[in-house]
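Engineer: Only the shape, not the letters, is given here:
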Ligand SMILES: [Fe+2]
């Protein structure tokens with residue numbers, strides 16, 4: 001029997017996490033079904049994982065390790081260990097606006113504070129797929145990911161928390177570790193992190209080659225200033241914009 005790579009093992013472990021969830025809101029259930037179908041396509045039918053890539057950008061290693069160490073929910077500990085094992089085998093990239101039109105204003109805080117590894121997808125480091133992607137996504141502490149939308153329906157499995165989300169420019173809501181977020185096609189969403197880094201598994205279930213689009217909201221600079229304020233308390237206006 002062929003020895004399974006740690007990267008493929010990570011995908012198997014994530015599939016188990018998704019399968020173990022027994023209740024979902026209606027929207028999330030749709031996303032979970034689609035992501036499981038994508039995972040099954042690769043894990044059940046493909047026997048040729050791509051070569052593992054040992055290169056990892058040194059300057060972000062500490063942040064990445066801190067994000068893995070921030071997975072504190074007991075039921076996620078074995079998955080955290082799988083990420084630790086696979087970490088150096090995965091290809092990590094920083095999104096400097098990669099997924100946006102050239103003129104898009106994603107903000108310097110986001111550029112400085114994000115990192116992802118696409119495991120399955122057009123640039124997947126484990127399996128290639130032209131219309132499904134899945135990977136790990138990290139945001140540094142106190143980072144604002146500005147409102148944006150995309151044609152790709154998107155599922156997030158949040159491994160750390162809390163992390164703030166808002167949808168369609170609405171109220172901010174905090175999501176705990178272990179929660180799921182489903183963004184249907186075209187729904188604007190934004191995220192903000194607090195003292196801990198944010199680490200998640202993301203998946204785009206179709207339209208994976210479409211670009212993201214920033215959705216301007218007039219409180220961006222205010223939120224970014226609050227997040228980096230060294231005076232302490234993060235006080236947010238949660239009212240509807
Ligand atoms: Fe998104």
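Structural biologist: Right, received. Where do you want to start? Quantities reported herein were computed from a predicted structural model and do not represent experimental measurements. Residues are numbered from 1 along each chain as shown.

Engineer: Okay, residue 156 and residue 204: tell me how far apart.
Structural biologist: 11 Å (Cβ to Cβ, to the nearest Å). The C-beta positions use only the backbone N, C-alpha and C, and glycine is treated the same way.

Engineer: what pairs with the residue positioned nearest the centre of the chain across the strands?
Structural biologist: Geometric centre of the chain, nearest residue: residue 137, 3.4 Å, by Cα atoms, centre = their mean. Beta-bridge partners for residue 137, by DSSP bridges, are residue 116, residue 200.

Engineer: Model confidence at it, what's the number?
Structural biologist: On pLDDT, residue 137 comes in at 97.

Engineer: Spell out the residue ranges of the strands in the chain.
Structural biologist: In the chain, the strands defined using DSSP state E lie at 114-121, 127-128, 133-139, 144-150, 154-158, 163-167, 173-175, 180-183, 189-193, 198-204, 212-214.

Engineer: now the helices for the chain?
Structural biologist: Residue ranges of the helices in the chain, as given by DSSP state H, are 6-20, 26-45, 61-69, 77-86, 108-113, 220-228.

Engineer: How about the contacts made by residue 135?
Structural biologist: Residues in contact with residue 135 (Cβ atoms under 8 Å, 6 or more residues apart in numbering) are 116-121, 124, 201-203.

Engineer: how does it look with 6 Å?
Structural biologist: Residue 135 makes contacts with 116-119, as judged by Cβ atoms under 6 Å, 6 or more residues apart in numbering.

Engineer: what's the neighbour count on the closest residue to residue 145 other than its chain neighbours?
Structural biologist: Computed as Cβ to Cβ, 6 or more residues apart in numbering, the closest residue to residue 145 that is not its neighbour in sequence is residue 191, at 4.3 Å. Per other Cβ atoms under 10 Å, the neighbour tally for residue 191 reads 24.

Engineer: Check the gap between residue 191 and residue 172 for me.
Structural biologist: Separation of residue 191 from residue 172 (Cβ to Cβ): 10 Å.

Engineer: now do residue 78
Structural biologist: 31 Å.

Engineer: ok so, going back, so how far is residue 193 from the residue nearest to the centre of the chain?
Structural biologist: Counting by Cβ to Cβ - residue 137 and residue 193 are separated by 12 Å.

Engineer: what's the answer for residue 62, then?
Structural biologist: 16 Å.

Engineer: since we're on the nearest residue to residue 96 once chain neighbours are set aside, how many residues are nearby?
Structural biologist: Leaving aside its chain neighbours, residue 96 sits nearest to residue 111 (5.2 Å; criterion: Cβ to Cβ, 6+ apart). The tally of other residues near residue 111 (other Cβ under 10 Å) stands at 13.

Engineer: Nothing else from me, thank you.
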